[in-house]
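Chemist: 3D model of this:
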Amino acid sequence: MRLPDRLTSTRRSLRRVVLARRRLLAALLTAVAVAAGLHAASAEPPPDVAVLVAAHDLPAGAVVGADDVRRVGFAPGSVPTGLAHDPAGRTLAAPMRAGEPLTDVRLVGPALTDGYPGLVAVPVRLPDAGMAGLLRVGDRIDLVSADPQGRSAETVADGVPVLALPDTPTEVGATGLSGRLVVVGAAPGDVARIADASVRTFVTIAFAD
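Modeler: Numbering: from 1, shown residues only. Presented below is the predicted three-dimensional model:
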């Protein structure tokens with residue numbers, strides 16, 4: 001038999017074998033696909049990550065207690081960055097809704113200025129606690145230094161953002177006047193002026209445009 005005839009005969013034989021067993025091959029491929037699907041469906045999802053969230057609505061300035069937080073499981077891909085792992089005893093810089101994760105930007109500390117590049121967090125005592133009660137986190141204010149004797153007044157910082165309103169007791173400050181602390185974001189060049197005014201004068205506020 002010539003070589004071309006042999007090749008033709010071999011191809012025909014292979015074709016007959018494949019056709020004869022096509023149902024078996026189809027069944028085998030189907031079984032493999034089903035097995036793969038079952039394995040994917042039965043594979044356990046990755047474990048949740050425990051995240052501390054507010055147990056109930058919390059106001060700005062609240063000191064976080066053990067009853068104010070609870071742990072909730074988050075899928076690995078949904079976990080926010082900057083989680084606060086030990087927030088007990090720290091002060092909230094902004095209000096929080098129940099179920100909201102506690103992150104570093106929600107607590108009084110260096111992260112307060114993350115949204116304000118170039119600014120630093122500076123605590124200022126306002127002698128009038130009622131004045132501080134008018135403020136909300138995010139307000140823009142001017143800090144005005146006024147001589148207690150009424151001889152002069154000057155603006156020591158323009159348009160500074162209110163970063164936090166700590167819920168601290170009303171105490172007597174360095175000026176001998178009672179008041180409430182407010183944390184503002186100030187340019188580094190204004191910090192010394194603000195500190196000096198806070199010690200020597202009566203600091204009041206004006207709402208910036």
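Chemist: show me what contacts the residue nearest to T103 when sequence neighbours are not counted?
Modeler: Closest residue in space to T103, ignoring its immediate chain neighbours: G82 at 4.4 Å, by C-beta to C-beta, 6 or more residues apart in numbering. C-beta coordinates here come from the backbone N, C-alpha and C atoms, glycine included. Applying C-beta atoms under 8 Å, 6 or more residues apart in numbering to G82 gives the contacts T103, D104, V105, A111.
Chemist: and V34, what does it touch?
Modeler: V34 makes contact with no residue, according to C-beta under 8 Å, 6+ apart.
Chemist: so how far is stretch 104-113 from its chain's centroid?
Modeler: Relative to its parent chain, stretch 104-113 has a centroid offset of 9 Å by C-alpha atoms, centre = their mean, to the nearest Å.
Chemist: still on that earlier bit, if we take the contacts of G82, which one ends up nearest to A186?
Modeler: A111 (16.3 Å; C-beta to C-beta).
Chemist: quick check: that closest one is in a helix.
Modeler: Yes - under DSSP: H, G, I helix; E, B strand; the rest coil, A111 sits within a helix.
Chemist: if I look at it, how far off is P80?
Modeler: 13 Å (C-beta to C-beta, to the nearest Å).
Chemist: now P188
Modeler: Separation of P188 from P80 (C-beta to C-beta) stands at 29 Å.
Chemist: repeat that for G133.
Modeler: For G133, the distance to P80 - C-beta to C-beta - is 31 Å.
Chemist: same check on V63?
Modeler: Going from V63 to P80 by C-beta to C-beta gives 22 Å.
Chemist: one more: T91?
Modeler: The value you get for T91 to P80, if C-beta to C-beta is used, is 20 Å.
Chemist: equivalent analysis for A54, please.
Modeler: With C-beta to C-beta as the criterion, A54 and P80 are 13 Å apart.
Chemist: do A129 as well
Modeler: According to C-beta to C-beta, A129 and P80 sit 34 Å apart.
Chemist: cool, P87 as well?
Modeler: For P87, the distance to P80 equals 14 Å [C-beta to C-beta].
Chemist: neighbour count: the two, which is higher?
Modeler: Between P87 and P80, counted using other C-beta atoms under 10 Å, P87 has the larger neighbour count: 22 against 12.
Chemist: that one and V69 touch, don't they?
Modeler: Yes - counting by C-beta atoms under 8 Å, V69 is a contact partner of P87 at 6.5 Å.
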